[in-house]
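Q: Sequence and predicted structure below; questions after.
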Amino acid sequence: MTGQIILWAAVTIAAVIWLYMLVGHGQFWRADQRLDADNPPAFPPLRDGDYPAVIALVPARNEADVIAQSIGSIQAQDYPGSLSIVVTDDASEDGTGDVLRGLGSPKHSLDVVAGTGPQAGWAGKLYALHQARHQALATHGKPVYWWLTDADIAHDPGALTRLVTQSEGGGHDLVSTMVRLRDDGRWPGLMIPAFIYFFQMLYPFRLINKPTHPMAGAAGGCVLLRADALERVGGFDAYRDALIDDCSLAQVVKKTGGSLWLGLSQTQHSIRPYEGLGEIWRMVSRSAFTQLNYSVLQLLGTCIGMGLVFMAAPLATGVGMAQGLILGDWLLAVAGLTVWAMIAGAYVPMLRWYERPLWEAWLLPMVAFFYTLMTLDSARRHWQGQGGTWKGRHQAGENTTKTVGSL
């Protein structure tokens, strides 16, 4: 009887939460904030002579297998204004620098900085960006925009023009796109769309895009940032030790009065595939506990919350069906299945965006269970001194609490 009461309480709380999630919380599940070749900016294009100068800053560590395609996609931009590219080879051990030095620059200038690795107190990626910016200012002078993009992202030729048009037309200091991550294979197909979905839950794009709302977030694979806005916050030094660097940047920009815009992009995509569940697990566990500010209480709250929001409904459905078959009482099964349908329905737009089978929406509670285990493993790795390792290097920010996390 006690178990029945607990299940009824859990599924009732889950129903209330999902009613709020569906009608409030920025309607994150709609996945309707988009910027790509099929969803251009709502603003008119600039005149050719009005496109401002942009410098792309690319941190690269051990990216020899993908760097040529990534940088090639930047070199192939049809941007009407001035575009220069500065890449930091961040003490790579796989010949990334040799690949970079072998690339031609037929359209946009390409400079390669021999990175030294991070100084004490800096996260590796941020120090690589810091070095690239320093070189860019010395070589090219101050641009109107910095384009921060990862070395494993490929951009369609019109990507930068759209970003600048969106920023200029909307008066934004930071415009970012969540590029399409690879979902090839069984486990990536199940886990990667949910990764983007959970990111939207934590950082609802519509709320981020409201200048009057405190919610701040960005996707580090592609960020267009006004140079004046970066100077206003104090440069990369202002959040030098942040592991979750993209959202940390968005937070300091918005706190200093900047306007943000974040959307999804189909035509900008990650080049690197995920090799099974293990690689996805390592990606999430690297920073999940950081997102919780290394707090045991937040970790406990997250586990309880994930259980209530995603797992209570399938459990109530299963127990209720057994109860219905034995006792003829189907009420708990109906309640559980109703909430489960709400969960699945809210996931459908993301599956459509990823062109995945819609029946996978019913598997979201299982996927959420795996992500909860990854978060627990992230805490375990931190406590054992193994956290924050990325591309063979321990990150400086792992032992700090400087991060972003509004929810």
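A: Yep, it's here.
Q: Report pLDDT for Trp390.
A: At Trp390, the model reports a pLDDT of 57.
Q: ah, wrong one, I meant Thr400
A: Thr400 is given a pLDDT of 41.
Q: Likewise for Val339?
A: At Val339, pLDDT is 97.
Q: which element is it on?
A: Val339 is part of helix 331-354, with elements assigned from DSSP states H and E.
Q: pull the longest strand from this protein.
A: Longest strand in the chain, counting residues (DSSP state E): strand 260-270.
Q: average pLDDT across it?
A: Here strand 260-270 scores 97 as its mean pLDDT.
Q: which secondary structure elements does the helix or strand following that strand contact?
A: Counting by DSSP H and E, the next helix or strand C-terminal to strand 260-270 is helix 276-291. Applying 3 or more CB pairs under 8 Å, 6 or more residues apart in numbering; DSSP states H and E, one finds that helix 276-291 makes contact with helix 186-202, helix 364-383. The C-beta positions use only the backbone N, C-alpha and C, and glycine is treated the same way.
Q: try 10 Å
A: Judged by 3 or more CB pairs under 10 Å, 6 or more residues apart in numbering; DSSP states H and E, helix 276-291 is in contact with helix 186-202, helix 296-306, helix 364-383, strand 389-390.
Q: re earlier: distance between the helix holding Val339 and the chain's centre?
A: The gap between where helix 331-354 is centred and where its chain is centred comes out at 24 Å by CA atoms, centre = their mean, to the nearest Å.
Q: how close does Ala238 sit to His130?
A: To His130, Ala238 is 11 Å away according to CB to CB, to the nearest Å.
Q: separation between Leu262 and Val112?
A: Leu262 is 30 Å from Val112, by CB to CB.
Q: okay, these two: which has more neighbours?
A: Leu262 (30 against 21; other CB atoms under 10 Å).
Q: what are the ranges of the strands in the chain?
A: For the chain, applying DSSP E gives strands covering 54-60, 83-89, 110-114, 145-149, 153-155, 174-180, 222-226, 260-270, 389-390, 393-394.
Q: The third one pairs with which strands, parallel or anti?
A: Translated: strand 110-114. strand 83-89 (parallel) (DSSP bridges).
Q: centre of the chain versus the partner strand, how much separation?
A: Worked out by CA atoms, centre = their mean, strand 83-89 lies 22 Å from the chain centre.
Q: if we can go back for a sec, put together JSON lines for the helices and strands packed on helix 276-291, with distance to Pro214 and mean neighbour count on each row.
A: Compiled in JSON lines, these are given as follows (distance: least, CB to CB, whole Å; neighbours: other CB atoms under 10 Å):
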{"stretch": "helix 186-202", "distance to Pro214": "14", "mean neighbour count": "19"}
{"stretch": "helix 296-306", "distance to Pro214": "19", "mean neighbour count": "14"}
{"stretch": "helix 364-383", "distance to Pro214": "24", "mean neighbour count": "18"}
{"stretch": "strand 389-390", "distance to Pro214": "29", "mean neighbour count": "16"}
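Q: As PDB, could you dump the C-alpha coordinates of stretch 119-132?
A: Output of stretch 119-132 as PDB, limited to C-alpha atoms (Å, rounded to 0.1, in the frame of the first residue of the first chain):
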ATOM      1  CA  GLN A 119      49.100  28.600 -18.300                       C
ATOM      2  CA  ALA A 120      48.200  27.800 -14.700                       C
ATOM      3  CA  GLY A 121      44.600  28.700 -13.900                       C
ATOM      4  CA  TRP A 122      43.400  28.500 -17.500                       C
ATOM      5  CA  ALA A 123      41.200  25.900 -19.200                       C
ATOM      6  CA  GLY A 124      43.000  24.600 -22.300                       C
ATOM      7  CA  LYS A 125      40.500  25.700 -24.900                       C
ATOM      8  CA  LEU A 126      40.200  29.200 -23.500                       C
ATOM      9  CA  TYR A 127      43.900  29.700 -23.400                       C
ATOM     10  CA  ALA A 128      44.200  28.600 -27.000                       C
ATOM     11  CA  LEU A 129      41.500  31.200 -27.900                       C
ATOM     12  CA  HIS A 130      43.400  33.800 -25.900                       C
ATOM     13  CA  GLN A 131      46.600  33.100 -27.900                       C
ATOM     14  CA  ALA A 132      44.700  33.200 -31.200                       C
END
